[in-house]
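> need coordinates for the following:
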Amino acid sequence: MKALIALILLVQLPIHKAVPAAPPAPLGCDDPESEAAAEVAVNYINDHSHHGYKFALNTIKDIHVVPQGPNNYIIFLELDLLETKCPILSPTPLANCTVRSFAEHAVEGDCDVKLKKLDGTVSVVASKCHSHADSSEDIRQICPDCPLLASLNNTEVLEAVSAALNDFNSKTTGPYLRLLEIGRGQIQYHPAHIVAVEFAVGATNCSAEEAKVNVGACQLLPEDQSNFGFCTGTMVKRPSQDLNVDCQLYGHQVSTQDIVLLSSQDTSAGLAPSAVGFTNHNLRLSHHNPLASESSSSEIFHSILSAKPVRKRAVAEAAQHDKVPHPVGFVPPPPPCPGKIRYFDI
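Next up is the predicted model:
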């Protein structure tokens, strides 16, 4: 009898089924979690860039989250970045780097980034970026006489870089400096003819005096002693002639970057072959984190592109919902994406 009662009670016990984890709530581009992921992405992009300048976040254009399992998500980000005044070799933290103003002929970066969030930790799987300078026509509309970016191998730019570096080396009491890379060049024709240049340099094992005797023997310091820096120069060609140059060495620093020294490539003009004919150094086109156990780069960015129509449909559906009449005084919430513009739109 007791066995029968036990069997009846067992049959009446509720059956608990495993409930799948709820999908994450949709993220807006200005949500704190989205901004935290974007910060990780921007730091990764700058850490894997070898030329030009650091970039800062301007706008989160889109975000898409795909659940992969318990506490495991894939995040797709579409970002707008702006070039700062900090060279990529500068030890200055990105938070302290000034974004170039629109009138200084700004450079914009467009990036697609795939990240993984596992147990609360966000890491980058891959990034794909390109950058471009604003059009000269846009600059002329707001500042007709502002200097415009010139090609990095422009004859006047090369002349100004050479003159500025030679002038500095002829007066310095420190180490002889060699050109690493031309960062940018701008030319203004009215009311004066001015060429402004920026370029990266490296200290050599020679003093400036020793270089006068045999400059060919002057080599960049070895990696464990390396000392990089940055110079700005201004050559006035009309109405009078003048030359000003200022160089700053950063001191030896242990970097996490794989710094690609142009001196080991084609440095006759301080330019990597990929920069010849362009006004700015393009962001690295694509980078796949070798530590991430994910798909190939082509599969990664195909998945990024596939995720975008999903977001567009969601935005369209939200727009239809907003057409429903609301009470007087109702303030509609901002659209989830794109996010706020931190500096200016190009």
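> could you chop this structure up by domain?
Per the record, the chain has its domains at 23-146, 150-253, by the TED database.
> JSON lines for those, including distance to residue 288?
All C-beta atoms are positioned from the backbone trio N, CA, C, and that covers glycine. As requested, the domains of the chain are exported to JSON lines (distance: least, CB to CB, whole Å):
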{"stretch": "domain 23-146", "distance to residue 288": "5"}
{"stretch": "domain 150-253", "distance to residue 288": "25"}
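> nearest to residue 327 among those would be which one?
Ranking the domains of the chain by their distance to residue 327 (criterion: CB to CB) puts domain 23-146 first, at 23.2 Å.
> how far does stretch 93-112 sit from its chain's centre?
In terms of CA atoms, centre = their mean, to the nearest Å, the centre of stretch 93-112 is found 8 Å from the chain centre.
> what does stretch 45-63 give?
On CA atoms, centre = their mean, the centre of stretch 45-63 falls 2 Å from that of its chain.
> now it: mean pLDDT?
Regarding stretch 45-63, the rounded mean pLDDT is 95.
> for that stretch, which positions count as buried?
By 16 or more other CB atoms under 10 Å, the buried positions in stretch 45-63 come out as 45-46, 48-63.
> among those residues, which lie within strands?
Among these, the ones falling in strands (DSSP state E) are 53-63.
> now do the strands in the stretch 151-300 of the chain.
175-188, 193-207, 228-238, 242-249, 286-288 (DSSP state E, counting those that start in this stretch).
> on that earlier part again, make TSV out of the ones in strands among the buried residues of stretch 45-63 and add distance to residue 242.
Shown next, in TSV, are these (distance: CB to CB, whole Å):
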residue	distance to residue 242
53	26
54	30
55	33
56	33
57	38
58	36
59	40
60	44
61	44
62	48
63	50
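> which among these gets closest to residue 194?
Nearest member of those to residue 194, counting by CB to CB, is residue 53, at 21.1 Å.
> may I have the beta-bridge partners of that closest one?
Per DSSP bridges, the residues bridged to residue 53 are residue 87.
> now do the contacts for it.
Shown in contact with residue 53 (CB atoms under 8 Å, 6 or more residues apart in numbering): 83-88, 107, 183, 281.
> got it, and residue 251?
residue 227.
> and for residue 153, the neighbour number?
Neighbour count of residue 153, defined by other CB atoms under 10 Å: 16.
> how about it, phi and psi?
Main-chain torsions, residue 153, degrees, to the nearest 10: phi -110, psi 20.
> from residue 85, how far off is it?
Plainly put, residue 153 is 22 Å away from residue 85 if you go by CB to CB, to the nearest Å.
> check residue 45 too.
17 Å.
> the domains of the chain: which one's closest to residue 343?
Taking those one by one with CB to CB, domain 23-146 is closest: 5.2 Å.
> I figured residue 239 hits residue 194, correct?
No: contact criterion CB atoms under 8 Å: residue 239 and residue 194 do not qualify, at 10.7 Å.
> returning to that earlier point: save the contacts of residue 53 as a markdown table, and put in neighbour count and pLDDT too.
Listed next are the contacts of residue 53 as a markdown table, based on neighbours: other CB atoms under 10 Å; pLDDT from 0 to 100:
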| residue | neighbour count | pLDDT |
| --- | --- | --- |
| 83 | 26 | 97 |
| 84 | 21 | 98 |
| 85 | 18 | 97 |
| 86 | 21 | 97 |
| 87 | 22 | 96 |
| 88 | 20 | 94 |
| 107 | 25 | 95 |
| 183 | 25 | 95 |
| 281 | 24 | 84 |
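> out of those, who's nearest residue 126?
residue 88 (19.8 Å).
> hang on, the closest one packs against residue 48?
No: between residue 88 and residue 48 there is no contact under CB under 8 Å: 10.1 Å.
> show me where the stretch 51-200 of the chain has its helices.
Applying DSSP state H, counting those that start in this stretch to the stretch 51-200 of the chain gives helices spanning 136-142, 155-171.
> now, of these, which is deepest in the fold?
Stretch with highest mean neighbour count among these: helix 155-171 (a mean of 18; mean count of other CB atoms under 10 Å).
> now do the same for the closest residue to residue 145 other than its chain neighbours: its pLDDT.
For residue 145, ignoring the flanking residues on the chain, the nearest one in space by CB to CB, 6 or more residues apart in numbering is residue 190 at 5.5 Å. We have a pLDDT of 87 for residue 190.
> just the ones in strands among the buried residues of stretch 45-63 now: which is nearest residue 244?
residue 53 (21.2 Å).
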